[in-house]
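# Here is a sequence together with a model predicted from it:
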Amino acid sequence: MKSRAERELEEFDEVFAALSHETRRLILVILLSRKGEMTAGEIVERFHYKWPTMTRHLQQLEAAGLIEVSKQGRERRYLLKKEKLNRVVKSWLHWFEQ
């Protein structure tokens, strides 16, 4: 069984790996500026990448728990999960305050 610190480190790694790419950070900022929710098409049209590349970026953000996706008809809507981002980053920074 993993310790709390080991579980936290895994979560840090997952979140910071998702944040390591400039495009994924920009996706989060764009979502934030649009009240935290956009369709896949609305996100993709802001970039010069092809769909498969953007899909991989969105999947990595989703796997890290930084966005959530829901299907509405034929559309996929992405929702920013800033609570997790705030919690993980603050928790990581807290380690350095002690």
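Everything's here; your move.

# could you show me where the helices are in the protein, in order?
4-19, 22-33, 40-44, 51-63, 82-95 (DSSP state H).

# Make CSV out of the ones you listed and add mean neighbour count and mean pLDDT.
(Glycine included, C-beta is placed from N, CA and C.) Converted to CSV, the helices of the chain look like this (neighbours: other C-beta atoms under 10 Å; pLDDT from 0 to 100):
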stretch, mean neighbour count, mean pLDDT
helix 4-19, 14, 92
helix 22-33, 15, 97
helix 40-44, 16, 94
helix 51-63, 16, 95
helix 82-95, 13, 92
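
# of the ones you listed, which approaches V69 most closely?
Comparing the helices of the chain by their distance to V69 (C-beta to C-beta), the top pick is helix 51-63, with 5.7 Å.

# For the closest one, name the packing helices and strands.
helix 4-19, helix 22-33, helix 40-44, strand 67-72 (3 or more C-beta pairs under 8 Å, 6 or more residues apart in numbering; DSSP states H and E).

# No further queries at this time; thank you.
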